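*Asks:* pasting the sequence and the predicted coordinates here, then a few questions.
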Amino acid sequence: MASCVPAGGAAATLQNLECIVERLFNYIIPFAGMAAFVVLIAGGFQYLTAGGDPKKVQQAQGVITGAIIGIIVTLAVYLIFRLLGLITGLDLLRFEIPG
């Protein structure tokens with residue numbers, strides 16, 4: 001992998017794409033998990049403050065369900081990438097342009 005620190009005055013190359021994609025992989029999955037957790041907390045707060053109103057309770061339950069699905073999907077994507085990496089021997093969370 002090429003260095004992610006550009007040389008002084010160097011023009012952008014295709015190798016810089018490696019750095020961008022690798023950084024995205026490193027930040028998107030944890031960010032998605034944290035965002036889903038924050039939505040879960042917000043849904044719990046909505047549920048607690050619903051005051052027994054059936055519409056608000058149903059809406060809060062929908063938010064909580066969506067957040068749980070988001071956490072499960074995020075975790076599943078990460079685990080599938082890791083499992084495929086173990087099976088194939090490739091690090092699928094690392095983007096590298098050959099050459």
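*Replies:* Okay, I see it.

*Asks:* now the helices for this protein?
*Replies:* Along the chain, the stretches classed as helices by DSSP state H are 15-48, 54-88.

*Asks:* R94 is nearest to which of these?
*Replies:* helix 15-48 (6.1 Å; C-beta to C-beta). Quick note: C-beta positions are derived from backbone N, CA and C, even for glycine.

*Asks:* report all helices and strands that the closest one contacts.
*Replies:* helix 54-88 (3 or more C-beta pairs under 8 Å, 6 or more residues apart in numbering; DSSP states H and E).

*Asks:* so what does the helix it packs on touch, helix or strand wise?
*Replies:* With contacts taken as 3+ C-beta pairs under 8 Å, 6+ apart, helix 54-88 sits against helix 15-48.

*Asks:* ok, back up a step: just send the helices of the chain back as JSON lines, with mean neighbour count, mean pLDDT and distance to R94 too.
*Replies:* Listed next are the helices of the chain as JSON lines, based on neighbours: other C-beta atoms under 10 Å; pLDDT from 0 to 100; distance: least, C-beta to C-beta, whole Å:
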{"stretch": "helix 15-48", "mean neighbour count": "14", "mean pLDDT": "85", "distance to R94": "6"}
{"stretch": "helix 54-88", "mean neighbour count": "13", "mean pLDDT": "91", "distance to R94": "9"}
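
*Asks:* that concludes my questions; thank you for your assistance.
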